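K.L.:
Okay, predicted coordinates and the sequence, questions at the end:
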Amino acid sequence: MKKFKIHTVETAPEQSKAILEGAVKQMGVVPNLFATMAESPSTLKAYTQLHEAFTNTSFDAEELTVVWQTINVEHECHYCVPAHTAIAYSMKVDPAITEALRNGEKMPTEKLQALHDFTLTMVRDRGNVSEADMNNFFAAGYGQQQVLEVILGLSQKVISNYVNHVAHTPVDPMFETFAWKK
């Protein structure tokens, strides 16, 4: 199988360069996920726009982490689990939440557990959630807005998880401390 190219700002297609340059300004490096996606400017742009949109939802840092990591772990993404562990640390998310998600353990609060359960059901049942699943989610304090926002987060993660599966994206040195295997 031909290896996927991991671009630099210099080797990337012209339409990907501005996003890669922005990553360097923000993070100091081009993460390998972005460097891989750069081959398709449309994919890179869609992913970064979905990421921005999802981070601007009604979810707080803990809830964003629950949605991201629930999906990453279920999809067994070797790249995104460590990356989102580092992101969770940078967002000051309680490490107990991150470790519970990485290890398939119970969430520390009923509300976060409901979010985890609902997100997992969305992934496993491909959006075909039952009325009982919806009612449990609503009973935990979430509403229709959050149902749609889980779908937004899932859309973002499908792109990155699937890219990492097909490209075998190498984990960046900055995320290696948080390496993960199911």
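P.N.:
Everything's here; your move.

K.L.:
ok, now how distant is residue 40 from residue 141?
P.N.:
Going from residue 40 to residue 141 by C-beta to C-beta, to the nearest Å gives 39 Å. For the C-beta atoms, the positions are set from N, CA and C on the backbone; glycine is no exception.

K.L.:
try residue 167
P.N.:
As judged by C-beta to C-beta, residue 167 and residue 141 stand 38 Å apart.

K.L.:
And the two? Which one has more around it.
P.N.:
The residue with more neighbours, out of residue 167 and residue 141, is residue 167; 19 against 11, by other C-beta atoms under 10 Å.

K.L.:
If I follow the layout properly, that one ends up in contact with residue 5?
P.N.:
No - between residue 167 and residue 5 there is no contact under C-beta atoms under 8 Å: 9.1 Å.

K.L.:
list residues touching both of these two?
P.N.:
Counting by C-beta atoms under 8 Å, 6 or more residues apart in numbering, the common neighbours of residue 167 and residue 5 are residue 36.

K.L.:
Tell me which residues touch residue 142, please.
P.N.:
Neighbouring residues of residue 142 by C-beta under 8 Å, 6+ apart: 111, 114, 115, 118.

K.L.:
can you map out the helices along this protein?
P.N.:
14-27, 32-37, 41-55, 61-74, 80-90, 95-103, 110-124, 131-139, 144-167 (DSSP state H).

K.L.:
Sketch out the low-pLDDT regions of the chain for me.
P.N.:
Applying pLDDT under 70 to the chain flags the ranges 1.

K.L.:
picking up where we left off before, which among the contacts of residue 142 count as buried?
P.N.:
Buried by 16 or more other C-beta atoms under 10 Å: 114, 115, 118, out of those.
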